[in-house]
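Engineer: Here you go, sequence then predicted model.
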Amino acid sequence: MVKIAPSILSADFAILGEQVSKVEQAGAELLHIDVMDGHFVPNITIGPLVVEALRPVSQLIFDVHLMIENPDLYIKQFARAGADIITVHAETCPHLHRTVQAIKETGVKAGVALNPSTPPDILEYVLGQLDLVLVMTVNPGFGGQKFIREMLPKISKIKAMLDRIQSTALLEVDGGVNVNTAGEVAAAGADTLVAGSAIFGAEDPAVAVQKIKEAAGEKNL
Ligand SMILES: O=C(CO)[C@@H](O)[C@H](O)COP(=O)(O)O
Ligand SMILES: [Fe+2]
């Protein structure tokens, strides 16, 4: 069964704690936290303070997706705030290997994200160090965008790269994942699905978590 990582970007921030509890009780495994700086992506969202505030109210794996320039400057802050996984964009890291090491030195798991136009080859010499690879299936910056289907072969290619080195890293897909796309994404090899608008935009986020899990499981059989 795939793991579900609801993205709080689409949650109601006025009742954020309640929203997180709801998806946790519904069987989500991770909580996806989108950090945007208004530079790498054209949007500004949340910082370490929100991670710190949520930490005591949730047992979920905090999956922090940094869409920021100079991520090295903020790794320690997010680690201290309670992140379990910190994912940086390859496009923001001229010294990607060093950045991955810096994340791991804080005791937190390390992930690398790729924009839709970034080829998987960029991962080759860091792959063995990674705990998570995040394939963006929209251009990062906003929730509620349309899934880019051309990313399906890229997911499969990265799955094969991970299998070749017997990596146990999570293969996470982020952007436009919903009941209609989850099956194809899982069939392509993803094991962790981020969903924001499909969960927090639904009438009942708990039901939405279950429906996406079912949709992912069905086509994977
Ligand atoms: O990182 C991002 C967007 O940049 C995502 O995590 C979105 O929050 C996913 O939202 P949906 O496409 O599922 O609505
Ligand atoms: Fe994200």
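Structural biologist: Nice, I can see it. Ligands and ions are numbered 1, 2, ... in the order given.
Engineer: the helices in this structure, which residues?
Structural biologist: 16-25, 48-54, 75-81, 96-105, 152-164, 182-188, 197-200, 205-220 (DSSP state H).
Engineer: Put together a markdown table for these, with mean neighbour count and mean pLDDT on each row.
Structural biologist: Where you see a C-beta, it was placed from the backbone N, CA and C, and this is true even at glycine. A markdown table is the format used below for those (neighbours: other CB atoms under 10 Å; pLDDT from 0 to 100):
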| stretch | mean neighbour count | mean pLDDT |
| --- | --- | --- |
| helix 16-25 | 17 | 98 |
| helix 48-54 | 16 | 98 |
| helix 75-81 | 18 | 98 |
| helix 96-105 | 18 | 98 |
| helix 152-164 | 17 | 98 |
| helix 182-188 | 22 | 98 |
| helix 197-200 | 24 | 98 |
| helix 205-220 | 19 | 89 |
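Engineer: And these: which comes nearest ligand 2?
Structural biologist: helix 197-200 (11.8 Å; CB to the ion).
Engineer: Show me which parts of stretch 53-64 are buried, residue by residue.
Structural biologist: By neighbour count on 16 or more other CB atoms under 10 Å, the buried set for stretch 53-64 is 54, 58, 60-64.
Engineer: Off-centre distance for that stretch?
Structural biologist: 14 Å (CA atoms, centre = their mean, to the nearest Å).
Engineer: Endpoint to endpoint, it covers what distance?
Structural biologist: Across stretch 53-64, the terminal residues are separated by 14 Å (CA to CA, to the nearest Å).
Engineer: Greatest separation within the buried residues of stretch 53-64: which pair is it?
Structural biologist: Within those, two members stand farthest from each other by CB to CB: 58 and 64, at 13.1 Å.
Engineer: Any figure for the gap between the closest residue to residue 48 other than its chain neighbours and residue 196?
Structural biologist: Leaving aside its sequence neighbours, residue 48 sits nearest to residue 81 (CB to CB, 6 or more residues apart in numbering; 4.0 Å). Residue 81 sits 20 Å away from residue 196, going by CB to CB, to the nearest Å.
Engineer: Please apply the same query to residue 42.
Structural biologist: Distance from residue 42 to residue 196, counting by CB to CB: 17 Å.
Engineer: For the chain, which residue gets nearest to ligand 2?
Structural biologist: Counting by CB to the ion, the chain gets nearest ligand 2 through residue 65, at 3.8 Å.
Engineer: Can you get me a residue count around that residue?
Structural biologist: 28 (other CB atoms under 10 Å).
Engineer: Quick check: bridge partners of it?
Structural biologist: residue 34, residue 87 (DSSP bridges).
Engineer: can I get the helices of the chain in a markdown table with distance to ligand 2?
Structural biologist: Shown next, in a markdown table, are these (distance: least, CB to the ion, whole Å):
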| stretch | distance to ligand 2 |
| --- | --- |
| helix 16-25 | 15 |
| helix 48-54 | 14 |
| helix 75-81 | 14 |
| helix 96-105 | 16 |
| helix 152-164 | 15 |
| helix 182-188 | 14 |
| helix 197-200 | 12 |
| helix 205-220 | 15 |
